[in-house]
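1. have a look at this prediction, sequence included:
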Amino acid sequence: MISAESFIQSAGKFGFRLYSGVPCSYLTPFINYVLDSPELDYIGATNEGDAVALVAGAQIGGVRGVAMHQNSGLGNALNPLTSLTHTFRIPLLVVTTLRAEPGGPKDEPQHHLMGTITTSLLELMEVPWEYFPSEVDEIEPCLRRAVRYMDEEHRPYALVMRKGTVEPWELRSIQEARPGGAVLPGPAEPLHMRRDFLEVVHAATGDGDVVVATTGYTGRELFDVGDRENHLYMVGSMGCAPSFGMGLAVTQPQRRVVVLDGDGAALMRMGAQATLGYERPPNLLHILFDNGIHESTGGQATVSRSVDFCAVAAGCGYPRTSRVSTPDELAAILAEDSGGLHFVHVPTVPGVKSPLPRPDLAPHQVAERLRAFLGTDR
């Protein structure tokens, strides 16, 4: 095991100064160290492909960069790695984690397939790779090989990070909030924790509803508040909850579909809102809990504080948007008869119960249970 400092300081000798990516728990010390360093820049991307493109632009601008992400998100980076950096011959260093490594530690089910194919996928994309160094004396030789290839071939090089490679690094800095220029309707400051609102959702939804909770702590917290057969707790698939909910809403028009989204997830796949705003399923309620951070992966900030989510939803065609600051205000919206597609922005205070349990059903069992509830399993 190495320290984040030992790798990043060595990388600095080779000119790597800019880092961009999407958090993974394996990467937490790595990202936190960069965030704490006044000499380095970390730009949190909304998806892995954006990180690759951003670092490619920095490389053209004369600064070496690192794009880093979880291997489950490697598919999001496939397009720019094959069509941008390969075609334009732009070198950059990719750090991808190896969740669900074959023969390695037990991991979540959504990582199993990608854990098996991560290195093969890199090879298929013609991106040479080696394992991220786990000993201090391996760091500089590893970086030297990477830089030599990048300089000679003008193409990306990847380091595959296994679990437990980097020692923990507690985030010490406070990331600056950068509000946008729009005037937000109603209170914008978070006053309550997400769990307070989830308890309202649980109390206000019944057998006629389906509740889809985004990946991370939202689904786990809803499960802890109270598990039901009409719940679906997404794992992985970050940003896909609204699209999944739309599919349910158009095929189950007699039911209300409540999608519980998060700021990081919504930013990752904001284009889904344009499709929703065009189709406008009248039975879908899209609730976005916004605590301003990627809470389940170490608390790194999202860019949500400079985004007017209600303006985005309205611009995408949602006929109704609201912002609430208290559980009672959300309860009033949930008690309404459906008035068409509705987007609700809920600023929240970070924090979760510890320890927070995981659903005791496997994801495929949750899906089977929901199909049985809907009567679509025949």
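-> Nice, I can see it. Numbering: from 1, shown residues only.

2. what helix or strand is residue 86 located in?
-> Using DSSP states H and E, residue 86 sits within no helix or strand.

3. tell me the contacts of it?
-> Residue 86 makes contacts with 125-126, 155-156, as judged by CB atoms under 8 Å, 6 or more residues apart in numbering. All C-beta atoms are positioned from the backbone trio N, CA, C, and that covers glycine.

4. neighbour-wise, give me the winner out of the residues you listed.
-> residue 156 (31 neighbours; other CB atoms under 10 Å).

5. pLDDT value on that residue, please?
-> For residue 156, the model assigns a pLDDT of 97.

6. OK, contacts around it?
-> 52, 81, 85-86, 90-94, 127, 150.

7. that one and residue 23, how far apart?
-> From residue 156 across to residue 23, the span is 20 Å (CB to CB, to the nearest Å).

8. how about residue 109?
-> 20 Å.

9. which of the contacts of residue 156 lies closest to residue 267?
-> In terms of CB to CB, no member of the contacts of residue 156 lies closer to residue 267 than residue 52, at 16.7 Å.

10. which one in the contacts of residue 156 is the model shakiest on?
-> For these, the pLDDT minimum is residue 90, 90.

11. that residue belongs to a helix?
-> No - applying DSSP: H, G, I helix; E, B strand; the rest coil, one finds residue 90 to be coil, outside a helix.

12. just the helices in the stretch 201-350 of the chain please.
-> Listed in chain order, the helices of the stretch 201-350 of the chain (DSSP state H, counting those that start in this stretch) span 217-225, 241-251, 263-268, 271-279, 309-315, 327-335.

13. can you put the contacts of residue 86 in JSON lines and add secondary structure and distance to residue 318?
-> Shown next, in JSON lines, are the contacts of residue 86 (DSSP: H, G, I helix; E, B strand; the rest coil; distance: CB to CB, whole Å):
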{"residue": "125", "secondary structure": "coil", "distance to residue 318": "37"}
{"residue": "126", "secondary structure": "coil", "distance to residue 318": "42"}
{"residue": "155", "secondary structure": "coil", "distance to residue 318": "42"}
{"residue": "156", "secondary structure": "coil", "distance to residue 318": "38"}
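
14. could I get those as TSV with distance to residue 139?
-> Shown next, in TSV, are those (distance: CB to CB, whole Å):
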residue	distance to residue 139
125	25
126	25
155	22
156	19
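
15. for the closest residue in space to residue 112 that isn't next to it in sequence, what are its contacts?
-> Distances taken as CB to CB, 6 or more residues apart in numbering place residue 100 nearest to residue 112, at 4.8 Å, with adjacent residues excluded. Applying CB under 8 Å, 6+ apart, we find residue 100 in contact with 107-108, 111-112, 114-116.

16. that'll do, ta.
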